[in-house]
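Chemist: sequence-free structure coming up:
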């Protein structure tokens, strides 16, 4: 992502979205070392979705994974705990190239998210020096800050009926790159957990997608782990998609293997 000796670097997710493509992310809940970035690259993923909201991560661990990922051309994103999470600054200053905010329900919360992630005058992110994206070289702020900001992805998740109702105002907030539906939480908050084909959910998808298109930002989706369903939502317009978590992939692969042994023994 970084060209040696320059102040230019890129975020592969932002590049793919800008080109009209689809960025695929690997959910990280269990892995605690840089190997997961190499696995992501080897398996055709564009980004890591480091799930701070639902897992126990130390900041140093996230920093190590993130710095390995950017060196490999994989975008390290962190889903933080909430709008207002106090660790956002440290994550961004130490290698994370994108923040995913869960449960964004209002335009005011969207503005709060932008304020934490974007430098002034749009936001209030504090300035430091020695960014890892430039191999910790001293780069003048007038060069470093626009490059860092341009490569930083800001994702707001819609996970409640309130968020769906306010999505037009949320999507119109300057500084947001992706509006991402969290299907499982949205369905649960609708009182319909796991009902992916429910008409109310499908109407919500249409509304969020329309708001994204109206504001020229990307539509993202996660929750339904069926590959055919994921392909269908991409055809519908999703450009930002989480495929599966490391725990889910390991469990599914290990279960399929032992089942295969037992089936072979029975035959």
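Modeler: Noted; the coordinates are in hand. No experiment lies behind these values; they were computed from the predicted model shown.
Chemist: Low-confidence stretches in the protein?
Modeler: For the chain, residues meeting the criterion pLDDT under 70 lie at 1-7.
Chemist: ranges for the helices of it?
Modeler: 12-18, 35-42, 59-72, 88-93, 107-117, 141-150, 161-165, 167-171, 183-189, 199-215, 227-236, 246-266 (DSSP state H).
Chemist: Switch those over to TSV; also include distance to residue 80 and mean neighbour count.
Modeler: (C-beta placed from N, C-alpha, C; glycine too.) Output for the helices of the chain, formatted as TSV (distance: least, C-beta to C-beta, whole Å; neighbours: other C-beta atoms under 10 Å):
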stretch	distance to residue 80	mean neighbour count
helix 12-18	17	19
helix 35-42	18	18
helix 59-72	10	19
helix 88-93	6	18
helix 107-117	9	20
helix 141-150	18	15
helix 161-165	16	19
helix 167-171	17	21
helix 183-189	15	19
helix 199-215	21	17
helix 227-236	24	14
helix 246-266	19	11
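Chemist: nearest to residue 82, of the ones you listed?
Modeler: helix 107-117 (9.3 Å; C-beta to C-beta).
Chemist: Next up, the contacts around residue 11.
Modeler: Counting by C-beta atoms under 8 Å, 6 or more residues apart in numbering, residue 11 touches 1, 75, 97, 98, 151, 152, 153.
Chemist: Can you give me the neighbour number for the third one?
Modeler: For residue 97, the neighbour count with other C-beta atoms under 10 Å is 29.
Chemist: just to revisit the earlier point, from the contacts of residue 11, which land in strands?
Modeler: Judged by DSSP state E, these include 75, 98, 153 as members of strands.
Chemist: ok, of the contacts of residue 11, which one's closest to residue 266?
Modeler: Using C-beta to C-beta, the contacts of residue 11 come closest to residue 266 at residue 75, 44.7 Å.
Chemist: Any idea how many residues pack against that closest one?
Modeler: Around residue 75 there are 29 other residues, counting by other C-beta under 10 Å.
Chemist: what's the closest non-adjacent residue to it?
Modeler: Of all residues not flanking residue 75 in the chain, residue 47 sits nearest, at 4.0 Å (C-beta to C-beta, 6 or more residues apart in numbering).
Chemist: Isn't the one you found up against residue 73?
Modeler: No: using C-beta atoms under 8 Å, residue 47 makes no contact with residue 73, being 10.3 Å away.
Chemist: So those two - more neighbours on which side?
Modeler: residue 47 (26 against 14).
Chemist: Let me see the contact set for the more buried one.
Modeler: Contacts of residue 47 (C-beta under 8 Å, 6+ apart): 12, 13, 23, 24, 25, 26, 40, 74, 75, 76, 77, 98.
Chemist: Next: residue 67.
Modeler: The contact partners of residue 67, by C-beta under 8 Å, 6+ apart, come to 94, 95, 132.
Chemist: Report the buried residues of stretch 149-160.
Modeler: 151, 152, 153, 154, 155, 156, 157, 158, 159, 160 (16 or more other C-beta atoms under 10 Å).
Chemist: before we move on, what about stretch 27-34?
Modeler: Going by neighbour count (16+ other C-beta under 10 Å), the buried part of stretch 27-34 is 27, 28, 29, 31, 34.
Chemist: with those in mind, which one is nearest to residue 176?
Modeler: The closest of those to residue 176 turns out to be residue 27 (C-beta to C-beta; 21.3 Å).
Chemist: what bridges to the closest one?
Modeler: Per DSSP bridges, the residues bridged to residue 27 are residue 49, residue 245.
Chemist: got any residues that touch both of residue 47 and residue 73?
Modeler: Shared contacts of residue 47 and residue 73, defined by C-beta under 8 Å, 6+ apart, comprise residue 12.
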